[in-house]
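In: how does the following fold in three dimensions:
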Amino acid sequence: MKLLIRADANSEIGLGHVMRCLALAQACQDSGGAAEFLCASLPPAVDERLRSEGFPVRRIDVVVGSSADAAATVEAARESSATWVAADGYALDAEFQSSMKGSGARLLVIDDMAHLAAYEADLVLNQNPQATDAIYAHRAAGTDLLLGSRYAMLRREFCAWRDCPRKPAPVRRLLVTLGGADPANVTLKVIQAIRQSETQAIEVIVLVGPANPHRAELVDAVRGSNRAIELKESASNMPELMNWADCAIAAAGSTCWELAFMGVPNLLIVLAENQSGGAEAMQRLNASRNLGWHADLQPEAIAMELEQLLGAKEVRDKMSDCGRALIDGRGAARVIAELGKRTSYLPGTRHRSPELPSRETDRPDALQLRLANAGDAGTLWRWANDPEVRACAFSQGQIAWEDHVKWLTAKLQDPDCFILLASDAADRLVGQIRFDIRGGEAWIGVSVSAAMRGRGLASELIRRGMAHAAEGRPSLEVFRAEIKAFNARSLRAFQRAGFVRLGETTHGDDVVVQLACHR
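Out: The predicted structure is shown next:
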């Protein structure tokens with residue numbers, strides 16, 4: 001599957017459309033597909049985030065939702081051979097959809113309010129709990145619906161926190177997150193409420209998004225406070241921050257699904273019209289407390305609501321349990337599965353078969369190698385967390401996304417380490433090999449994607465990788481590897497590549513085979 005995502009982000013509309021589409025792109029990538037973004041506006045920090053995860057970003061200079069926008073989207077879909085276009089933005093209206101449908105593209109519309117006069121997409125996704133078929137009675141024939149919180153899309157960094165137990169402690173830490181932009185500066189109003197609150201012994205982290213135009217004012221507000229309030233800008237570790245928090249005050253957008261998944265009791269503030277229905281539903285389902293429209297709230301009212309929630313352990317516990325029951329973190333994967341059921345290609349474009357490569361294209365001698373880069377983080381992370389790979393690794397726990405990014409960044413900057421990715425004749429990534437050089441020795445780690453194992457690719461990858469490593473390194477004399485004794489497949493691959501067994505040692509409860517190959 002190739003997915004083209006048409007979405008925008010800026011200080012006026014916030015980052016929510018793009019960030020939830022990032023979750024969709026990651027799920028597409030995790031299923032073996034590819035995704036790219038088409039944007040008319042995008043803050044630099046978000047652009048960098050998308051590219052760092054391997055998603056190309058195209059920029060277009062158009063009036064959003066105009067006929068020129070639709071034409072540019074159709075052209076981009078054709079150029080990228082997209083199998084689906086996902087449109088997320090309230091200006092991408094019925095006329096835009098009609099233009100897209102006329103092109104022959106499969107179209108997914110991500111919606112919140114059912115506010116358009118007509119819907120002509122192949123699929124309409126509304127992840128709000130209150131969404132029903134009745135509110136889309138004006139959709140065109142053939143337009144299917146994906147409705148409800150089972151399709152709530154969470155980014156992959158949250159996956160590692162599934163079923164993480166919450167701390168049954170009194171509230172000592174509060175997280176405030178009012179979106180990536182917050183044009184009305186509701187964050188300032190919340191800081192004022194915290195300063196007025198009678199609750200003293202509480203630590204506060206306030207998140208400031210990359211498109212927030214009020215940073216200076218927020219810095220002044222925190223500086224003048226007698227409370228322990230810390231500002232964090234453009235935070236990239238949201239799951240860790242939510243796990244840190246005992247309670248949260250948040251915008252009622254996609255963040256409410258993340259808080260529910262993490263089991264964080266929360267107060268929601270409606271910052272945009274499209275958030276109102278979701279906030280009401282979250283309160284009705286006992287997963288949140290809805291404070292309503294931001295302009296109607298005064299700091300005193302927010303302070304009172306905060307004090308009540310902090311003093312009500314039973315209410316907080318119920319919020320946590322209900323939130324976790326509502327959001328399981330698998331929504332984006334369900335959406336991709338639904339797209340897969342309905343996939344068809346754009347007319348007039350050429351596509352490789354979506355099936356696995358044939359024996360002709362996955363021959364070992366068809367492998368091509370290239371150096372890994374930051375954009376390969378997602379692929380390497382998925383391979384590293386494959387159950388078979390983890391079972392054969394010396395550290396067997398699942399690797400959190402943030403830890404993986406830090407590790408990969410360090411490896412890419414290390415002159416004594418390099419990682420090669422292998423692709424087959426159909427240009428599909430099939431495996432990786434890493435060399436850590438220590439003096440005259442190079443230690444090897446290798447893995448092949450699950451779909452391509454058992455085809456003799458690993459030994460050829462090792463041979464070619466060693467040849468690449470030896471180029472320009474006359475002092476490199478020997479290649480070494482350590483493999484768990486039960487991993488017969490990997491042992492055979494190294495021996496076929498010319499390695500010999502030197503002996504055995506132990507690592508914890510495991511017997512480990514030591515192997516070496518001289519140049």
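
In: from R473, how far off is Q398?
Out: Going from Q398 to R473 by Cβ to Cβ, to the nearest Å gives 34 Å. C-betas here are computed from N, CA, C, even on glycine.

In: quick one: buried residues of the helix or strand encompassing I191?
Out: For I191, the host element (DSSP states H and E) is helix 186-196. For helix 186-196, burial by neighbour count (16 or more other Cβ atoms under 10 Å) applies to V186, T187, L188, K189, V190, I191, Q192, A193, I194, R195.

In: what does it contact?
Out: Contacts of helix 186-196 with the rest of the structure, by Cβ atoms under 8 Å, 6 or more residues apart in numbering, involve 174, 176, 178, 202, 204, 206, 208, 212, 214, 217-218, 221-222, 225-227, 229, 249, 251, 269, 271, 294, 297-303, 306.

In: of those, which belong to helices?
Out: Applying DSSP state H to these, the entries found in helices are E217, L218, A221, V222, P299, E300, A301, I302, A303, L306.

In: return the member of those residues nearest to L50.
Out: Nearest to L50 out of those is L218 (Cβ to Cβ; 25.8 Å).

In: the closest one reaches G209, doesn't it?
Out: No: when contacts are counted by Cβ atoms under 8 Å, L218 is not listed as touching G209 (11.0 Å).

In: who's more crowded, the two?
Out: G209 (25 against 20; other Cβ atoms under 10 Å).

In: am I right that G375 is in a helix?
Out: Yes: assessed by DSSP: H, G, I helix; E, B strand; the rest coil, G375 belongs to a helix.

In: wait, doesn't it sit right on R51?
Out: Yes: counting by Cβ under 8 Å, R51 is a contact partner of G375 at 6.5 Å.

In: would you put the C-alpha positions of the helix holding I191 in CSV?
Out: Provided in CSV are the C-alpha atoms of helix 186-196 (Å, rounded to 0.1, in the frame of the first residue of the first chain):
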residue,chain,number,x,y,z
VAL,A,186,-5.5,29.1,27.0
THR,A,187,-2.3,27.7,28.5
LEU,A,188,-1.8,31.1,30.2
LYS,A,189,-5.3,30.9,31.7
VAL,A,190,-4.5,27.4,33.1
ILE,A,191,-1.2,28.6,34.6
GLN,A,192,-3.1,31.4,36.3
ALA,A,193,-5.6,28.8,37.6
ILE,A,194,-2.8,26.7,39.0
ARG,A,195,-1.3,29.7,40.8
GLN,A,196,-4.7,30.5,42.3
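
In: run the chain-centre distance for that helix.
Out: Averaging C-alpha positions (Cα atoms, centre = their mean, to the nearest Å) puts helix 186-196 30 Å from its chain's average.

In: same question, stretch 191-199
Out: 34 Å.

In: just stretch 223-239 next, same as before
Out: Distance, stretch centre to chain centre, for stretch 223-239: 23 Å (Cα atoms, centre = their mean).

In: for that stretch, which positions count as buried?
Out: R227, I229, L231, S234, M238, P239.

In: in PDB, list the C-alpha atoms belonging to it.
Out: Taking Å, rounded to 0.1, in the frame of the first residue of the first chain, the C-alpha atoms of stretch 223-239 are listed here in PDB:
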ATOM      1  CA  ARG A 223       8.800  33.100  36.300                       C
ATOM      2  CA  GLY A 224       6.400  35.000  38.500                       C
ATOM      3  CA  SER A 225       4.900  32.000  40.100                       C
ATOM      4  CA  ASN A 226       5.600  30.600  43.500                       C
ATOM      5  CA  ARG A 227       4.700  27.100  42.300                       C
ATOM      6  CA  ALA A 228       7.000  24.400  40.800                       C
ATOM      7  CA  ILE A 229       6.000  24.900  37.200                       C
ATOM      8  CA  GLU A 230       8.300  23.900  34.400                       C
ATOM      9  CA  LEU A 231       7.800  24.800  30.700                       C
ATOM     10  CA  LYS A 232       8.800  22.200  28.100                       C
ATOM     11  CA  GLU A 233       8.900  23.200  24.500                       C
ATOM     12  CA  SER A 234       8.200  20.800  21.600                       C
ATOM     13  CA  ALA A 235       8.300  17.700  23.800                       C
ATOM     14  CA  SER A 236       8.900  14.500  21.800                       C
ATOM     15  CA  ASN A 237       8.400  12.100  24.700                       C
ATOM     16  CA  MET A 238       4.700  12.300  25.300                       C
ATOM     17  CA  PRO A 239       4.100   8.800  26.600                       C
END
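
In: just give me the residue right at the centre of this structure.
Out: The structure's the chain has its C-alpha centroid closest to R155; by Cα atoms, centre = their mean the separation is 3.2 Å.

In: that residue contacts C21, doesn't it?
Out: No: with contact defined as Cβ under 8 Å, R155 does not reach C21; the gap is 10.2 Å.

In: what's the average pLDDT for the helix or strand harbouring V430?
Out: Taking DSSP H and E as the criterion, V430 maps to strand 429-438. For strand 429-438, mean pLDDT rounds to 93.

In: list the strands paired with it, with their directions.
Out: Sheet pairing for strand 429-438, assigned by DSSP bridges, gives strand 417-423 (antiparallel), strand 441-448 (antiparallel).

In: may I see those strands arranged in TSV, with mean neighbour count, mean pLDDT and distance to Q97 as well?
Out: Below are the strands paired with strand 429-438 laid out as TSV (neighbours: other Cβ atoms under 10 Å; pLDDT from 0 to 100; distance: least, Cβ to Cβ, whole Å):
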stretch	mean neighbour count	mean pLDDT	distance to Q97
strand 417-423	19	92	36
strand 441-448	20	94	42
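
In: can you list the ones you listed in CSV and add distance to S98?
Out: Compiled in CSV, those are given as follows (distance: least, Cβ to Cβ, whole Å):
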stretch, distance to S98
strand 417-423, 39
strand 441-448, 45
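
In: between those, which gets nearest to S288?
Out: Closest among the strands paired with strand 429-438, using Cβ to Cβ: strand 441-448, at 41.5 Å.

In: ok, then the element right after that closest one?
Out: Downstream of strand 441-448, the first helix or strand assigned by DSSP H and E is helix 457-470.

In: remind me which residues of the chain are low pLDDT?
Out: 102, 104, 163, 167-169, 200-201, 344-366 (pLDDT under 70).

In: ranges for the strands of the stretch 1-150 of the chain?
Out: Under the criterion DSSP state E, counting those that start in this stretch, the stretch 1-150 of the chain contains strands at 2-7, 34-39, 57-59, 84-88, 107-110, 123-126, 144-147.

In: what residues does the second one touch?
Out: By Cβ under 8 Å, 6+ apart, the residues outside strand 34-39 that reach it are 1-9, 18, 21, 24-25, 28-29, 47, 50, 55-60, 72-73, 76, 80.

In: the shortest one now?
Out: Residues outside strand 57-59 that contact it (Cβ under 8 Å, 6+ apart): E36, F37, L38, C39, A40, L42, D47, L50, R51, A76.

In: the strand holding V430: which residues count as buried?
Out: For strand 429-438, burial by neighbour count (16+ other Cβ under 10 Å) applies to L429, V430, G431, Q432, I433, R434, F435, D436, I437.

In: quick check: angle from that strand to helix 457-470?
Out: Here strand 429-438 points in a direction 40 degrees away from that of helix 457-470 (axes from the mean of the first three to the mean of the last three Cα atoms, to 10 degrees).

In: distance from the chain centre to strand 429-438, please.
Out: For strand 429-438, the gap between its own C-alpha mean and the chain's C-alpha mean amounts to 24 Å (Cα atoms, centre = their mean).

In: got the CA positions of that strand in PDB?
Out: What follows is strand 429-438, C-alpha atoms only, in PDB (Å, rounded to 0.1, in the frame of the first residue of the first chain):
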ATOM      1  CA  LEU A 429      13.900  -3.600   2.200                       C
ATOM      2  CA  VAL A 430      14.700  -7.100   3.400                       C
ATOM      3  CA  GLY A 431      17.400  -6.900   6.100                       C
ATOM      4  CA  GLN A 432      20.100  -5.000   7.900                       C
ATOM      5  CA  ILE A 433      23.600  -5.600   9.100                       C
ATOM      6  CA  ARG A 434      25.600  -3.600  11.700                       C
ATOM      7  CA  PHE A 435      29.300  -3.400  12.200                       C
ATOM      8  CA  ASP A 436      30.800  -2.100  15.500                       C
ATOM      9  CA  ILE A 437      34.600  -1.700  14.900                       C
ATOM     10  CA  ARG A 438      37.000  -2.000  17.800                       C
END
